[in-house]
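Q: make a model of this:
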Amino acid sequence: MKRVINFTKIRFVMFAISAVLIIGGLAGTFSLGGLNLGIDFQSGLSQRVQIAPVAMEVSYLGEEEARFNILDEEVSIDVFTNDGKTESYNYPLADYDTAAELSQAMMEVPSLTVNLVESDAPASAILSLAFLVDLSEGSAVVNYSNAGSGNSIEIDEIRNVLSNLGDPQIQVVGSEDAQEFLIRLEDDGTDEFSETASSQVFNQLEAKYGTGTVIIKQSDYVGPRFSTDLGQSVILLVGLALALILVYIWVRFELAYAVSAIIALAHDVALLIAFIGLTRMEVSTAIVAAVLTIIGYSLNDTIVVFDRIRENRQLMRDADLKTIVNTSITQSLSRTLITSVTTLLAVAAIYVFATGQIQDFALAMIVGVVIGTYSSIFIASPVLLGWITSRRSRKLAKDNLKYGSQTSGKKAEPKDDEQKEDTTAKVVEIPTVERKKKGKRKKK
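A: Residues are numbered from 1 along each chain as shown. Below is the predicted model:
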């Protein structure tokens with residue numbers, strides 16, 4: 001004997017809540033200008049820029065080849081002599097208090113000159129270089145972070161500096177103290193847009209904040225044709241996935257189950273898109289992967305419940321459909337919740353320790369798992385109940401219209417399962433052994 005929870009009793013309340021969330025979320029997304037499309041789906045230039053003051057400038061006057069790098073909080077200088085040997089000089093930043101002390105130590109390298117700009121700059125605040133610098137071809141600019149100094153740059157200030165470049169989209173990347181900004185410019189259709197826009201951004205920021213203070217950490221350009229093709233491919237991929245799911249469930253179960261599953265999946269995708277739009281999360285290929293993953297995850301939960309419903313319809317022939325649906329959801333509830341919680345724990349760990357697009361992917365997965373679990377309980381099965389009940393009512397009405405009183409000799413059936421008494425107290429589960437015996441009898 002197992003107590004059955006009457007989930008379907010509040011199905012219309014849940015339908016209303018979902019409708020409000022979807023409509024409100026999508027309306028809010030459109031009011032904010034639509035989805036925050038990433039560089040993969042929006043043609044133009046995307047640059048990650050850091051603005052940091054200059055601590056020193058390093059040059060090499062010797063005839064040999066010299067390479068300069070700052071990585072893992074250590075300055076390294078490699079000089080390749082004419083006889084094929086390599087002389088390496090390493091200076092851990094933790095060993096020095098200020099940039100002045102560091103520059104004094106670096107002067108031991110023959111033919112190396114250091115132009116100290118900010119002698120009091122903390123050595124621990126010196127930033128790593130984005131790439132190795134060949135001192136034989138030019139000098140290296142060493143920047144340091146002014147985090148905690150109270151001189152952080154506001155995002156509106158960057159917008160004002162680049163306002164003559166059209167309508168640039170600017171976001172703060174990471175913490176505000178890091179002074180890293182993601183700058184996007186829409187393609188204007190000219191052949192030399194990428195080079196022109198990149199140099200304009202760099203020159204205007206340097207003119208405002210000083211020579212050597214602008215660090216281009218990443219620069220990407222996507223042409224109009226590529227972004228359009230990729231967007232169309234994503235739409236086609238999602239549509240094809242839903243179509244194949246519809247066919248699969250139709251073949252495995254029946255049409256009512258397939259339509260109910262597709263409605264639940266559409267509900268999940270709409271809610272997830274509304275969340276992504278309202279939080280201004282960047283729509284990248286990682287987010288598309290998260291949406292497709294959630295479709296598969298939610299479908300898996302839904303099919304487990306549907307399979308139990310189909311099985312119980314054979315085992316509980318004397319029960320009405322509402323009782324069968326509630327019983328099936330209750331029987332699958334522990335499995336659904338345990339699976340969801342374990343998945344959430346794993347994805348939450350990724351969200352806490354990851355950064356960038358991987359963190360966005362994890363956040364979308366967390367929200368998607370919650371939505372998928374909710375829909376498999378309160379959306380998919382209640383929609384199936386309504387579909388089958390409505391179909392039975394239409395068939396009964398059609399038969400009554402066609403045959404009239406000829407059906408009076410048969411046992412009267414209610415026009416709608418809603419009119420049946422809600423029986424939730426006595427539902428006896430058939431043991432597995434008995435199920436197998438019944439199956440064998442059918443085969444005989």
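Q: going forward, measure contacts and count neighbours with C-alpha atoms only.
A: OK.
Q: CA atoms of the strand or helix carrying residue 392 as PDB?
A: Assigned by DSSP states H and E, residue 392 falls within helix 380-403. Output of helix 380-403 as PDB, limited to C-alpha atoms (Å, rounded to 0.1, in the frame of the first residue of the first chain):
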ATOM      1  CA  ALA A 380       4.100  16.600 -19.300                       C
ATOM      2  CA  SER A 381       1.900  14.100 -17.500                       C
ATOM      3  CA  PRO A 382      -1.000  16.500 -16.800                       C
ATOM      4  CA  VAL A 383      -0.900  17.500 -20.500                       C
ATOM      5  CA  LEU A 384      -1.200  13.800 -21.400                       C
ATOM      6  CA  LEU A 385      -4.100  13.500 -19.000                       C
ATOM      7  CA  GLY A 386      -5.900  16.400 -20.600                       C
ATOM      8  CA  TRP A 387      -5.200  15.200 -24.200                       C
ATOM      9  CA  ILE A 388      -6.500  11.600 -23.600                       C
ATOM     10  CA  THR A 389      -9.500  12.900 -21.500                       C
ATOM     11  CA  SER A 390     -10.400  15.400 -24.200                       C
ATOM     12  CA  ARG A 391     -10.100  12.800 -26.900                       C
ATOM     13  CA  ARG A 392     -12.400  10.400 -25.000                       C
ATOM     14  CA  SER A 393     -15.000  13.100 -24.400                       C
ATOM     15  CA  ARG A 394     -15.000  14.000 -28.100                       C
ATOM     16  CA  LYS A 395     -15.400  10.300 -29.100                       C
ATOM     17  CA  LEU A 396     -18.200   9.700 -26.600                       C
ATOM     18  CA  ALA A 397     -20.000  12.800 -27.800                       C
ATOM     19  CA  LYS A 398     -19.600  11.700 -31.400                       C
ATOM     20  CA  ASP A 399     -21.000   8.200 -30.600                       C
ATOM     21  CA  ASN A 400     -23.900   9.700 -28.700                       C
ATOM     22  CA  LEU A 401     -24.700  11.900 -31.600                       C
ATOM     23  CA  LYS A 402     -24.400   9.100 -34.100                       C
ATOM     24  CA  TYR A 403     -26.200   6.200 -32.200                       C
END
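Q: give me the buried positions along it.
A: Buried positions in helix 380-403, judged by neighbour count with 16 or more other CA atoms under 10 Å: 380-389, 392-393, 396.
Q: dihedrals phi and psi, residue 111?
A: Dihedral angles of residue 111 (phi, psi; degrees, to the nearest 10) stand at phi 70, psi 10.
Q: sorry, back to before: which other helices and strands contact the helix holding residue 392?
A: The contact analysis (3 or more CA pairs under 8 Å, 6 or more residues apart in numbering; DSSP states H and E) places helix 380-403 against helix 255-278, helix 285-315, helix 321-353.
Q: distance between the last one and the chain's centre?
A: Going back to what we said before, that points to helix 321-353. 21 Å (CA atoms, centre = their mean, to the nearest Å).
Q: quick revisit: check the offset of the helix holding residue 392 from the chain's centre.
A: For helix 380-403, the distance to the chain centre is 40 Å (CA atoms, centre = their mean).
Q: could you pull up the mean pLDDT of that helix?
A: The pLDDT scores in helix 380-403 average 82.
Q: how about stretch 158-171?
A: On average, stretch 158-171 scores 84.
Q: name the nearest residue to residue 153, sequence neighbours excluded.
A: By the measure of CA to CA, 6 or more residues apart in numbering, the closest residue to residue 153 outside its immediate chain neighbours is residue 179, 6.8 Å from it.
Q: how near is the one you found to residue 282?
A: 19 Å (CA to CA, to the nearest Å).
Q: where does this protein dip in pLDDT?
A: Along the chain, the parts satisfying pLDDT under 70 run over 1-2, 39-40, 147-151, 174-178, 188-189, 223-230, 404-444.
Q: domain parsing for it?
A: According to automatic domain parsing, the chain comprises the domains 7-39+226-435, 44-48+150-222, 51-143.
Q: and stretch 267-279, which residues are buried?
A: For stretch 267-279, by 16+ other CA under 10 Å, it's 267, 268, 269, 270, 271, 272, 273, 274, 275, 276, 277, 278.
Q: hmm, residue 25 and the fifth one touching each other?
A: Yes - judged on CA atoms under 8 Å, residue 271 makes contact with residue 25 at a distance of 7.4 Å.
Q: where exactly do the helices run in this protein?
A: For the chain, the helices defined by DSSP state H occupy 11-31, 99-106, 155-161, 193-209, 224-252, 255-278, 285-315, 321-353, 356-378, 380-403, 432-443.
Q: the first one - contacts with which helices or strands?
A: Contacting helix 11-31 under the criterion 3+ CA pairs under 8 Å, 6+ apart are the following elements: helix 255-278.
Q: who's in contact with the helix it packs on?
A: Applying CA atoms under 8 Å, 6 or more residues apart in numbering, the contact partners of helix 255-278 are 18, 21-22, 25-26, 28-29, 32, 34-36, 242, 245-250, 282-283, 291, 295, 298-299, 302, 306, 364, 367-368, 371-372, 375-376, 379-381, 383-384, 387-388.
Q: run the chain-centre distance for it.
A: With CA atoms, centre = their mean as the basis, helix 255-278 stands 16 Å off its chain's centre.
Q: show me the strands in the stretch 51-200 of the chain, by range?
A: With DSSP state E, counting those that start in this stretch, the ranges of strands along the stretch 51-200 of the chain come out as 54-60, 65-70, 74-80, 86-92, 112-116, 133-134, 140-143, 169-172, 180-186.
Q: so which of the ones you listed gets nearest residue 352?
A: With respect to residue 352, and counting by CA to CA, the nearest of the strands of the stretch 51-200 of the chain is strand 169-172 at 19.0 Å.
Q: quick one: buried residues of the closest one?
A: Counting neighbours by 16+ other CA under 10 Å, strand 169-172 gives 170, 172 as buried.
Q: run me through the strand neighbours of that strand, direction for each.
A: Note on strand 169-172: by DSSP bridges, its sheet partners are strand 180-186 (antiparallel).
Q: are any of the contacts of helix 255-278 buried, and which?
A: 18, 22, 25-26, 28-29, 35-36, 242, 245-246, 249-250, 282-283, 291, 295, 298-299, 302, 306, 364, 367-368, 371-372, 375-376, 379-381, 383-384, 387-388.
Q: before we move on, the earlier item: surely the residue nearest to residue 153 and residue 48 touch.
A: No - contact between residue 179 and residue 48 fails when scored by CA under 8 Å: they sit 10.4 Å apart.
Q: buried residues in stretch 300-316?
A: Counting neighbours by 16+ other CA under 10 Å, stretch 300-316 gives 301, 302, 303, 304, 305, 306, 308, 309, 312, 313, 316 as buried.
Q: try stretch 128-137
A: Buried, per 16+ other CA under 10 Å, within stretch 128-137: 128, 129, 133, 134, 135, 136.
Q: what residue is smack in the middle of this structure?
A: residue 361 (3.2 Å; CA atoms, centre = their mean).
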